[in-house]
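Novice: starting from these lines, generate the structure:
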Amino acid sequence: MRAVLQRVSRAKVVVDGQTVGEIGRGLLLLLGVTHDDTPEKAQWLAEKVAGLRIFPDDEGKMNRDLTEAGGAALIVSQFTLYGDTRKGRRPSFVDAAAPEKAIPLYEEFINAVKALGVPVATGQFGAMMQVELVNDGPVTLIVDSK
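Specialist: Numbering: from 1, shown residues only. Presented below is the predicted three-dimensional model:
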């Protein structure tokens, strides 16, 4: 699994003109699933991203995790995180898991983040989405479960 996370002051996902997920302060998590991912990797990644100390403390140092900062997570499926651009001009997505594998693991990740006490909003798997965010910092990280 691969996550691109952005610390945000607010973020939302719109599908067909309707807001399907929205948060204030917290993390926008773009999540990609590959062929060898497992529920254990989803759990590990959930604990990792929720526990990252990337929110400022009272002195402005990145010293608080998502829960300590009172933040939420907006989780959006993003198969293009496994796009391979090494050859040619058209990305290959053969490393991205098919929906029948990806959907249960995407849901496993969402449930694992919720189980950690983090308020969660989501995008809509497989939909054309417009993602709006205000990156706070900016802080953007890539986390791989490998």
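Novice: where does pLDDT dip in this structure?
Specialist: Residue ranges of the chain with pLDDT under 70: none are present.
Novice: and the longest helix along the chain, what other elements does it pack with?
Specialist: Determined from DSSP state H, the single longest helix within the chain is helix 99-115. When contacts are defined as 3 or more Cβ pairs under 8 Å, 6 or more residues apart in numbering; DSSP states H and E, helix 99-115 sits against strand 26-32, helix 39-51, strand 72-77, strand 120-122. In this view, the C-beta of every residue, glycine as well, is placed from N, C-alpha and C.
Novice: mean neighbour count and distance to residue 102 for the ones you listed - can I get that in a markdown table?
Specialist: Shown next, in a markdown table, are the helices and strands packed on helix 99-115 (neighbours: other Cβ atoms under 10 Å; distance: least, Cβ to Cβ, whole Å):
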| stretch | mean neighbour count | distance to residue 102 |
| --- | --- | --- |
| strand 26-32 | 26 | 8 |
| helix 39-51 | 18 | 11 |
| strand 72-77 | 25 | 7 |
| strand 120-122 | 20 | 14 |
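Novice: and these: which comes nearest residue 58?
Specialist: Closest to residue 58 of the helices and strands packed on helix 99-115 is strand 26-32 (Cβ to Cβ; 18.7 Å).
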